[in-house]
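Engineer: Let's see this in three dimensions:
(2 chains)
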Amino acid sequence: MDAEQGVYLYAVTRDEGGEPDGPAGVAGAPVRRLAHRGLAAFISTVSLQEFGEESLRRSMEDLAWLEEIARAHHRVVEAVARRGPTAPVRLVTVYTGEAQVRELLDERHAQFDEVLRRVSGRWEWGVKAYAVAGPAEPVAETQDAAPGAAYLNRRRAALRGREDGWRRAAEHAQAVHEALMDIAVAGTRHRAQDPQLSGRREQMVLNGAYLVDEARAAEFARVVEDPAERGVTLELVGPWAPYSFAALDHDGETAYGDAS
Amino acid sequence: MTPPEPRGGRLAAEGRLPEQRVALVDLLDRLLAGGVVVTGDVVLSISGIDLVRISLRALLVSVREGDAVDGGMRHDRAD
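Structural biologist: Numbering: from 1, shown residues only, chains lettered A, B, ... in the order given. Okay, here's the model as predicted:
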């Protein structure tokens, strides 16, 4: 292999399917499948010039570049995951050659096997909750208060109301999270998205990811649609390949603590 | 294994959700914080937390026009 070329790794599966017929990978390169000891790695060739450490450091600040890579990576992972249990690999994992990918499949064989077993027949669902701005609580006006004092009272009450609203929403989100965890096999909370990224004005109080059995997906969705879940706006996103549940080296009990 | 119907896709089809825009933030949550992390032989891999910070900052910078941008990596958000 050319010294200027590297191998980009997207995902690992069991060696069961045929050749990939899905979308192209990053930079439009065709995706190929490297089978080794019962596992299969989905890879494509990338330029080390583009994916060298120095250029990468600059590129990560470039949203358009990041989006292009992320979407290409995601398209490949999605296509692979549709065909069977899949362990997605972290964005931008590049090797110098196929020999190194084989070594990886050798060295981490048991761990990949464990991950694939864990995610088999399951999909990741995202549930986001936003605080709903409640109606302003009426403030008792004291008739004899000086205008300045009345202003301060109103201001204090408004601040108190906002804090109460946020606290109620956070408690509510926790209750929703627990209800979802009763159905999910595993769950984790990603950090709340900044309002400028989420595109919503409301404060995000839950950014959860849940690994759910296919057979329980409808039941899971019903929790999100439950009209009793007032006080927060809920949003269900998915299904995803099990990105949030592909960590190696952990068992299901300890790997998914609260990440927030 | 057939995935359930993508809800985002359905909502987008109904015109209720701009699928592409919504997905990027959610996608980055997963691609930058999830997935198998391999250390050791890789030529290149970005270890999780710093990358999340760098890219979040890049995202924030891209939407916050006029905000001053610090040079270098900043450990600005520990939450």
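Engineer: all contacts plus neighbour counts: C-alpha atoms, from now on.
Structural biologist: Fine.
Engineer: what's around residue B:29, how many residues?
Structural biologist: 21 (other Cα atoms under 10 Å in any protein chain shown).
Engineer: what packs against the longest helix along chain A?
Structural biologist: Across chain A, the longest stretch assigned as helix under DSSP state H is helix A:147-183. Helices and strands touching helix A:147-183, by 3 or more Cα pairs under 8 Å, 6 or more residues apart in numbering or on different chains; DSSP states H and E, are strand A:122-131, strand A:204-213, helix A:217-225, strand A:232-240.
Engineer: most packed of the ones you listed?
Structural biologist: strand A:204-213 (a mean of 26; mean count of other Cα atoms under 10 Å in any protein chain shown).
Engineer: Taking helix A:217-225 as reference, get the angle to that strand.
Structural biologist: Comparing the axes of strand A:204-213 and helix A:217-225 via axes from the mean of the first three to the mean of the last three Cα atoms, to 10 degrees yields an angle of 170 degrees.
Engineer: Check residue A:17 and give its pLDDT.
Structural biologist: For residue A:17, the model assigns a pLDDT of 75.
Engineer: just residue A:224 next, same as before
Structural biologist: Taking residue A:224 on its own, its pLDDT is 92.
Engineer: Also residue A:48?
Structural biologist: Listed pLDDT for residue A:48 reads 80.
Engineer: quick one: which of the helices and strands packed on helix A:147-183 is nearest residue A:99?
Structural biologist: strand A:232-240 (29.9 Å; Cα to Cα).
Engineer: before we move on, the earlier item: run the chain-centre distance for the longest helix of chain A.
Structural biologist: Helix A:147-183 sits 27 Å away from the centroid of its parent chain (Cα atoms, centre = their mean, to the nearest Å).
Engineer: Show me which residues of it are buried.
Structural biologist: For helix A:147-183, a neighbour-count test (16 or more other Cα atoms under 10 Å in any protein chain shown) marks A:150, A:153-154, A:157-158, A:161-162, A:165-166, A:168-170, A:172-173, A:176-177, A:180-181, A:183 as buried.
Engineer: any idea of the mean pLDDT for the helix or strand just after it?
Structural biologist: Downstream of helix A:147-183, the first helix or strand assigned by DSSP states H and E is strand A:186-189. Strand A:186-189 shows a mean pLDDT of 95 in the predicted model.
Engineer: then strand A:186-189 to PDB, C-alphas only?
Structural biologist: C-alpha atoms of strand A:186-189 as PDB (Å, rounded to 0.1, in the frame of the first residue of the first chain):
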ATOM      1  CA  ALA A 186     -29.100  -0.300  28.600                       C
ATOM      2  CA  GLY A 187     -29.100   3.500  28.500                       C
ATOM      3  CA  THR A 188     -26.800   6.400  28.800                       C
ATOM      4  CA  ARG A 189     -27.200  10.200  29.000                       C
END
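Engineer: Residue A:71 sits in which helix or strand?
Structural biologist: Going by DSSP H and E, residue A:71 is in helix A:63-81.
Engineer: repeat for residue A:110
Structural biologist: Residue A:110 belongs to helix A:109-119, assigned by DSSP H and E.
Engineer: Quick check: which helices or strands does that helix pack against?
Structural biologist: strand A:5-14, strand A:86-88.
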